[in-house]
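> Just to be clear, the model below is a prediction. Sequence and coordinates:
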Amino acid sequence: MRYGDKLAVDELSLTVDRGTITAVLGPNGAGKTTTLETCEGYRRPQRGTVRVLGLDPVAQRAELLPRIGVMLQGSGAWSGVRAMEMLRHVARLHAHPMDVDVLAERLGLGECGRTPYRRLSGGQQQRLGLAMALVGRPEIVFVDEPTAGMDPQSRRTTWELLAELRDAGVTVVLTTHYMDEAERLADRIHIIDHGRLIASGSPVQLTRGGSSATIRLVVSRPFPPGAPDSLRAALGDRIEVTVLDEVSLLVTGPADATTLSKVSTWCEQQGVLPESLTLGQRTLEDVFLELTGRELQP
């Protein structure tokens, strides 16, 4: 998919297994929204093929639509419509909808059911958007930032609901800017950047990376020139040093107390003042930064 001179999706190939929660992650402009809109049938690929539940999302759209649910970024609700009024309208468009009252109660919409959409909080709008995507009992549901703006309790309720859908055989395709959400929910994660797939795997596979542990160093001022190279030399060939930004780096490998001591000694020799020096397992955020060089931001 190309927009003028910009190649938004570049020979991207990925598969989502049935009955799983699959997260598609990428920095802003990576091509994930275009990819999902193509899967949902809103865009026709300029080259290549897309199949959802075995169907072409454009050529067989009428056959596919009753079987999928889509949570749009802007929910798709009218400005003046009341929350429950909108949900009941969407339910009537489906042959065998879920019980609207039960779904609304589960997502905490009962308290704002008579409130016009424009007066709902951001979290309430997200909950309504999710309910609209689920009410038709889809076989596959695309959810875009499902918990943005939600309070902690609503986030946990949404996570539980998505996990229950997966356990009931529904396929969930998730985009999110919350790494903890992807790490907790997803059975498989696809990371894309510049329109290409750069990594795939389960959260455990992606964070394991063949390394036993990591050390994360955050300093008070930017590192001096050549500092990462000198740290690599001090730690030896078995250790990898990745610069995350100008004040933080990640040491990956068989990191233990001895490695931690060497990093502390190196900081003293370089005149570097650590703000934090932590030993732990590599996180999904660490992997994302290593692969893309950018943080995942809303």
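Arrived safely.
> okay, the most centrally placed residue in the chain: pLDDT?
Nearest to the geometric centre of the chain sits Thr176, at 3.1 Å (CA atoms, centre = their mean). pLDDT, Thr176: 90.
> where's Gln124 relative to Gly108, distance?
From Gln124 across to Gly108, the span is 8 Å (CB to CB, to the nearest Å). Every residue, glycine included, has its C-beta placed from N, CA and C.
> what about these two, which has more around it?
Higher neighbour count among Gln124 and Gly108: Gln124, with 21 against 18, using other CB atoms under 10 Å.
> For the more buried one, which non-adjacent residue is closest in space?
The shortest distance from Gln124 to any non-neighbouring residue, by CB to CB, 6 or more residues apart in numbering, is to Cys112 (5.2 Å).
> give the contact list for that neighbour.
Cys112 is in contact with 83, 120, 124, counting by CB atoms under 8 Å, 6 or more residues apart in numbering.
> do that again at 10 Å, thanks
Counting by CB atoms under 10 Å, 6 or more residues apart in numbering, Cys112 touches 82-84, 104, 119-121, 124-125, 127-128.
> Summarise which helices and strands the host helix or strand of Val218 is packed against.
Using DSSP states H and E, Val218 falls within strand 213-219. The contact analysis (3 or more CB pairs under 10 Å, 6 or more residues apart in numbering; DSSP states H and E) places strand 213-219 against helix 227-235, strand 240-245, strand 248-253, helix 257-270, strand 274-280.
> Against which helices or strands is the last one packed?
Where contact means 3+ CB pairs under 10 Å, 6+ apart, strand 274-280 is packed against strand 213-219, strand 248-253, helix 257-270.
> before we move on, back to that, tell me the secondary structure for the nearest residue to the residue nearest to the centre of the chain once chain neighbours are set aside?
Excluding its sequence neighbours, the residue lying closest to Thr176 (CB to CB, 6+ apart) is Ala182, at 5.5 Å. Following DSSP: H, G, I helix; E, B strand; the rest coil, we place Ala182 in the helix state.
> just the strands in the protein please.
Secondary structure of the chain (DSSP state E): strands at 2-3, 6-7, 21-25, 68-71, 140-144, 171-175, 188-193, 196-201, 213-219, 240-245, 248-253, 274-280.
> Distance to Thr33 for these - can I get that in TSV?
As requested, the strands of the chain are exported to TSV (distance: least, CB to CB, whole Å):
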stretch	distance to Thr33
strand 2-3	12
strand 6-7	13
strand 21-25	9
strand 68-71	12
strand 140-144	8
strand 171-175	8
strand 188-193	11
strand 196-201	15
strand 213-219	31
strand 240-245	25
strand 248-253	29
strand 274-280	32
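> Out of those strands, which is closest to Cys267?
Minimum separation from Cys267 across the strands of the chain (CB to CB) falls at strand 274-280, 5.5 Å.
> Identify all contacting residues around that closest one.
By CB under 10 Å, 6+ apart, the list of residues contacting strand 274-280 reads 213-221, 247-248, 251, 255-257, 259-260, 263-264, 267-268, 286.
> Send me it as CSV with only the CA atoms.
Provided in CSV are the C-alpha atoms of strand 274-280 (Å, rounded to 0.1, in the frame of the first residue of the first chain):
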residue,chain,number,x,y,z
PRO,A,274,23.8,6.2,37.4
GLU,A,275,20.3,7.1,38.2
SER,A,276,19.3,3.5,38.2
LEU,A,277,21.0,0.2,37.6
THR,A,278,18.7,-2.8,37.6
LEU,A,279,19.2,-6.5,37.0
GLY,A,280,16.2,-8.4,35.6
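> now that strand against strand 248-253, angle please.
With axes from the mean of the first three to the mean of the last three CA atoms, to 10 degrees defining the directions, strand 274-280 sits at 30 degrees from strand 248-253.
> quick revisit: possible to save the strands of the chain as a markdown table with distance to Asp99 and mean neighbour count?
Shown next, in a markdown table, are these (distance: least, CB to CB, whole Å; neighbours: other CB atoms under 10 Å):
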| stretch | distance to Asp99 | mean neighbour count |
| --- | --- | --- |
| strand 2-3 | 42 | 11 |
| strand 6-7 | 45 | 12 |
| strand 21-25 | 23 | 25 |
| strand 68-71 | 16 | 22 |
| strand 140-144 | 17 | 23 |
| strand 171-175 | 20 | 22 |
| strand 188-193 | 31 | 23 |
| strand 196-201 | 37 | 16 |
| strand 213-219 | 47 | 20 |
| strand 240-245 | 47 | 16 |
| strand 248-253 | 48 | 20 |
| strand 274-280 | 44 | 12 |
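> and of those, who's closest to Thr158?
Of the strands of the chain, nearest to Thr158 by CB to CB is strand 140-144, at 8.9 Å.
> Cool, thanks, talk later.
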